[in-house]
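Participant: whatever this is, show me its structure:
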Amino acid sequence: MGPRAAVKETARDIKEATPEDQFVPDWIEPLLTIDELNVREAIDQLIAHYDKDGRAFTIVERSHGWRLCAQARYSEWCRALYPGKKVQRLSQPALETLAIIAYRQPILRSEIEHIRGVESANSLRILLERKLIRVLGRREIPGRPLVYATTTKFLETFDLRDLKDLPTLKEITDLENASGRPRQQELIFANGEEKEADAGRISGDDGGMDNGNNSQRNDYDDLSG
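Facilitator: Purely as a prediction, here's the structure:
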């Protein structure tokens, strides 16, 4: 049951459970007709209200809904308040590996290493430990190699609602041209922007994005090879 359906059902239960001689709260009736447009309009109004009042927090949309977050301009203060939560930076090899997985998932370790041209077991291990990637399952080909994909934490870390929000090849090229940095997108978009359909059937977990802890033990066995 989705959040919207849960709200409607809860409101209906409250209304039906209220005795006829008692007053039903005014806020119950609007909840019975709530829809996505109503929710978004209400959230937009709250965001505008918080911005107008200069609040230190706002509402941001995430992959599975909305969340109250501190404004970016207060990030240094938040780090000072929570010194134990230090920023964990990824190495360049790990970032390259993560980018390849993000754009070409589901993908095998051998395919990642073919694109990068170097061994990637350590980068995969780090990304699994950070819960930025997960084991999606095994491809039904000889050896049944593990298949990798990104997680919900990946989306939250890079402030994405879903994978469709990833920058396109043109956007990456324009950014690199503007910054003067060397072009790296050939690693990600090798053989064209659109990845062909998966050649083999994948077996294994196809559940929520955060699942993957149960598969990591087998994955470490795969990485040691």
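Participant: any idea how the protein splits into domains?
Facilitator: With domains defined by automatic domain parsing, the chain comprises 3-81, 92-223.
Participant: would you mark the buried spots in stretch 125-139?
Facilitator: Of all the residues in stretch 125-139, those buried under the rule 16 or more other CB atoms under 10 Å are 125-128, 130-139. Backbone N, C-alpha and C define where each C-beta goes, glycine included.
Participant: quick one: those residues as a markdown table, columns for distance to Phe23, secondary structure and pLDDT too.
Facilitator: Below are the buried residues of stretch 125-139 laid out as a markdown table (distance: CB to CB, whole Å; DSSP: H, G, I helix; E, B strand; the rest coil; pLDDT from 0 to 100):
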| residue | distance to Phe23 | secondary structure | pLDDT |
| --- | --- | --- | --- |
| Arg125 | 60 | helix | 95 |
| Ile126 | 58 | helix | 94 |
| Leu127 | 55 | helix | 96 |
| Leu128 | 55 | helix | 95 |
| Arg130 | 52 | coil | 93 |
| Lys131 | 48 | coil | 93 |
| Leu132 | 51 | coil | 95 |
| Ile133 | 53 | strand | 96 |
| Arg134 | 50 | strand | 96 |
| Val135 | 54 | strand | 95 |
| Leu136 | 52 | strand | 92 |
| Gly137 | 54 | strand | 93 |
| Arg138 | 59 | strand | 93 |
| Arg139 | 61 | strand | 93 |
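Participant: pLDDT of stretch 66-74, averaged?
Facilitator: For stretch 66-74, mean pLDDT is 87.
Participant: circling back: please identify the deepest-packed of the domains of the chain.
Facilitator: Highest mean neighbour count among these (mean count of other CB atoms under 10 Å): domain 92-223, with a mean of 16.
Participant: who's in contact with Asp44?
Facilitator: By CB atoms under 8 Å, 6 or more residues apart in numbering, the contact set of Asp44 is empty.
Participant: okay, it: pLDDT?
Facilitator: For Asp44, the model assigns a pLDDT of 91.
Participant: then the one 3 residues further on?
Facilitator: Ile47 is assigned a predicted lDDT (pLDDT) of 92.
Participant: quick one, phi/psi of it?
Facilitator: Per-residue torsions, Ile47: phi -60, psi -40 (degrees, to the nearest 10).
Participant: weakest of the domains of the chain in terms of mean pLDDT?
Facilitator: Lowest mean pLDDT within the domains of the chain: domain 92-223, at a mean of 76.
Participant: chain center to stretch 128-144: distance?
Facilitator: 17 Å (CA atoms, centre = their mean, to the nearest Å).
Participant: end-to-end on it?
Facilitator: By CA to CA, to the nearest Å, the extent of stretch 128-144 from end to end equals 19 Å.
Participant: from Leu124, how far off is the residue nearest in space to the middle of the chain?
Facilitator: By CA atoms, centre = their mean, the chain has its centre lying nearest to Leu155, at 2.2 Å. Taking CB to CB, to the nearest Å as the measure, Leu155 falls 19 Å from Leu124.
Participant: what about Gln22, which SS state?
Facilitator: For Gln22, the secondary structure call by DSSP: H, G, I helix; E, B strand; the rest coil comes out as coil.
Participant: now it: how far from Arg134?
Facilitator: Counting by CB to CB, the gap from Gln22 to Arg134 is 50 Å.
Participant: all strands of the protein, in order?
Facilitator: Taking DSSP state E, the strands of the chain run over residues 57-62, 65-70, 107-108, 133-139, 146-150, 202-203.
Participant: now distance to Glu119 too, for those strands, in CSV please.
Facilitator: As requested, those are arranged in CSV below (distance: least, CB to CB, whole Å):
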stretch, distance to Glu119
strand 57-62, 34
strand 65-70, 37
strand 107-108, 14
strand 133-139, 17
strand 146-150, 15
strand 202-203, 23
